[in-house]
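Colleague: here is a sequence together with a model predicted from it:
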Amino acid sequence: MIQRKKVQNISKDTVKKTKSIEVKANLFQTPRGMRDILPGDQPYWVHIDRLLQKAVQEFGFSRIQTPIVEFAHLYQRAVGETTDIVEKEMYSFLSRGGDRLALRPELTAGNVRAFIQHGMHLLPKPIKLFSCGPIFRYDRPQEGRYREHYQANFDVYGEADSILDAQMIQTASRVLSGLGLKKIQFQLNSIGCKQCRKDYKKLLVSYFRSKKQRLCQDCKRRLEKNPLRILDCKEEKCSQIKNGVPQSVDHLCKECHDHFKNLLEYLDELELSYQINPFLVRGLDYYNRTVFEIWPIDENEESKRMSLGGGGRYDDLMENMGGEAMPAIGFGIGLDRIVLQMQKERTKIYREPTPKVFLAQLGELAKKKSLKLFSQIEKNGILIAESFGRGSLKSQLRQASKIGADIALILGQKEALDGTVIVKDMVSGSQEIIAQERIPDTVKKMLKSNLVVKHIV
């Protein structure tokens, strides 16, 4: 008996040590749903950044940045207390001061808060704002969907005309086509205004109540609180029931009907491909009238549900948050999913120009002099690489060859004392000794072009 207890104690100790090792190991990994964007993927993100900035300038947007952390009630008020985002996905917590805060689950609410707080309603209309950054949702990690993911938003305030709706869709199309994405389609719907939506909601309730037993648990609850959300449900059994549901476009008031009709005419004029989707409502309560999503095409049904972005009108949100009544429309695109789609379609991406000049140094004095020489060259707009810290000249020249440099500048002990540099043609292998002050002009003549500076580590 004594021996058995000793074995059991050893076993418990082993388990404790194993758990301790596992805990320590997990400290050096990303949490579930988070991930690192490594150097190999960065060219896609740089390419997206460049295209977004181009669109911001072309369409006349101004950049705005809001905090990642806001008061939690901001999202409860703006997004809707009965939405999945607020009920299930929002990261909320108490600060040390007792404030209920949240990591932002989307960008629009924070932008509207900033708009009101800083009196931006006084600016000339329409007011166009661009925002970009990480958002956080506690959702099941899946392809293209992380718990921390990145979004870019384009928002316009102060204009109710449907031509702005068309321009926003045009902006989204311009960005995506500029990124080389061809296999996309706009899904489009109108969910009406708060007046005509009242009657439509009654029709929905009537329709779904007769099929209540076939709804999922979430949709049974939505039926009483927010029936429009049932149309957004991805459960298979709920999707089957939706096939016979009354369509919102058939129950619009005259103003909403005309607004949607004019939008379609604008899109036809722009020759933009779209499809009217009667089940499209978006997952946030602040939307009204126009709603749209961007779907990849030529994919299976499951992939289609992974929209690349979407948006719509939110004409009542400003007033609901305590600001001056003001129409608004916006859209967001998920940058993580955009990168994934770019990789699937094998789109061309912007590549930074590679340096054609490499600076090699050998010896302590040369190492000290090399920093000044490097600065002298880059100030002349010459793209140059280096490998400071590498000991042997052979390894440095190997690095120069690896990056495809045409010219190697070699600074040794003798050259450092003489104020000269060995200029080596990496293609022909020929080399000559040039005075240090003549190096920029010599290199420019050899390259026959002026380049932008870039540091290679």
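Modeller: Looks like it came in fine.

Colleague: show me where the stretch 1-150 of the chain dips below the pLDDT cut-off.
Modeller: 1-27 (pLDDT under 70).

Colleague: can we see that at 80?
Modeller: Scanning the stretch 1-150 of the chain for pLDDT under 80 picks out 1-27, 81-84, 142-144.

Colleague: where exactly do the strands run in the stretch 101-250 of the chain?
Modeller: Counting by DSSP state E, counting those that start in this stretch, residue ranges of the strands within the stretch 101-250 of the chain are 127-136, 148-157, 184-190.

Colleague: any idea which of these gets closest to residue 440?
Modeller: Checking those against residue 440 by CB to CB gives strand 127-136 as the closest, at 37.8 Å. Heads up, the C-betas are built off the backbone N, CA and C, glycines and all.

Colleague: what angle separates that closest one from strand 148-157?
Modeller: Going by axes from the mean of the first three to the mean of the last three CA atoms, to 10 degrees, strand 127-136 is angled at 160 degrees with respect to strand 148-157.

Colleague: report all helices and strands that strand 127-136 contacts.
Modeller: In this structure, strand 127-136 packs against helix 42-58, strand 62-63, helix 108-117, strand 148-157, with contacts taken as 3 or more CB pairs under 8 Å, 6 or more residues apart in numbering; DSSP states H and E.

Colleague: include distance to residue 78 and mean neighbour count when you put these into JSON lines, please.
Modeller: Below are those laid out as JSON lines (distance: least, CB to CB, whole Å; neighbours: other CB atoms under 10 Å):
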{"stretch": "helix 42-58", "distance to residue 78": "24", "mean neighbour count": "16"}
{"stretch": "strand 62-63", "distance to residue 78": "21", "mean neighbour count": "11"}
{"stretch": "helix 108-117", "distance to residue 78": "4", "mean neighbour count": "21"}
{"stretch": "strand 148-157", "distance to residue 78": "13", "mean neighbour count": "22"}
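
Colleague: closest one to residue 173 among the ones you listed?
Modeller: Short answer: helix 42-58, nearest of the helices and strands packed on strand 127-136 by CB to CB, at 10.3 Å.

Colleague: nearest to residue 72, out of the helices and strands packed on strand 127-136?
Modeller: helix 108-117 (10.9 Å).

Colleague: with distance to residue 236 added, can I get the strands of the stretch 101-250 of the chain in CSV?
Modeller: Listed next are the strands of the stretch 101-250 of the chain as CSV, based on distance: least, CB to CB, whole Å:
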stretch, distance to residue 236
strand 127-136, 28
strand 148-157, 25
strand 184-190, 19
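
Colleague: and of the ones you listed, who's closest to residue 324?
Modeller: Closest to residue 324 of the strands of the stretch 101-250 of the chain, according to CB to CB: strand 148-157, at 10.1 Å.

Colleague: parallel or antiparallel, which strands does that closest one pair with?
Modeller: Based on DSSP bridges, the pairing partners of strand 148-157 within the sheet are strand 127-136 (antiparallel), strand 328-334 (antiparallel).

Colleague: output that strand as CSV, restricted to C-alpha atoms.
Modeller: Extracted in CSV, the C-alpha atoms of strand 148-157 (Å, rounded to 0.1, in the frame of the first residue of the first chain):
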residue,chain,number,x,y,z
GLU,A,148,-8.1,39.8,-34.9
HIS,A,149,-8.5,40.8,-38.5
TYR,A,150,-8.0,44.0,-40.6
GLN,A,151,-10.6,46.1,-42.2
ALA,A,152,-10.7,49.2,-44.4
ASN,A,153,-13.8,51.5,-44.3
PHE,A,154,-15.0,54.1,-46.7
ASP,A,155,-17.9,56.3,-45.3
VAL,A,156,-19.8,59.3,-46.7
TYR,A,157,-22.0,61.6,-44.5
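
Colleague: and it with helix 108-117, angle?
Modeller: Using the same axes, to 10 degrees: strand 148-157 against helix 108-117 is 40 degrees.

Colleague: how far off centre is strand 148-157?
Modeller: Distance, stretch centre to chain centre, for strand 148-157: 8 Å (CA atoms, centre = their mean, to the nearest Å).

Colleague: could you measure from residue 50 over to residue 184?
Modeller: Note on residue 50: its distance to residue 184, by CB to CB, to the nearest Å, is 19 Å.

Colleague: so how far is stretch 131-143 from its chain's centroid?
Modeller: 9 Å.

Colleague: out of the strands paired with strand 148-157, nearest to residue 393?
Modeller: Short answer: strand 127-136, nearest of those by CB to CB, at 44.5 Å.

Colleague: list the buried ones in that closest one?
Modeller: 127-133, 135-136 (16 or more other CB atoms under 10 Å).

Colleague: what of stretch 333-350?
Modeller: 333-342, 349.

Colleague: what's the lowest-pLDDT member of the residues you listed?
Modeller: Of all those, residue 349 carries the smallest pLDDT score, 84.

Colleague: correct me if wrong: it contacts residue 47.
Modeller: Yes. Residue 349 is within contact range of residue 47, at 4.3 Å (criterion: CB atoms under 8 Å).

Colleague: how many residues are close by the closest residue to residue 253 other than its chain neighbours?
Modeller: In space, and not counting its chain neighbours, residue 253 is closest to residue 196: 3.9 Å by CB to CB, 6 or more residues apart in numbering. The local packing of residue 196 (other CB atoms under 10 Å) involves 21 other residues.

Colleague: touching, residue 196 and residue 252? I think so.
Modeller: Yes. With contact defined as CB under 8 Å, residue 196 and residue 252 form a contacting pair (5.5 Å).

Colleague: what comes up buried for stretch 170-187?
Modeller: 170-176, 178-179, 181, 184-187.

Colleague: and the nearest residue to residue 174 once chain neighbours are set aside, how far from residue 178?
Modeller: In this structure, residue 174 finds its nearest non-sequential neighbour in residue 55, 6.0 Å apart by CB to CB, 6+ apart. Residue 55 is 7 Å from residue 178, where distance means CB to CB.

Colleague: no further questions, thank you.
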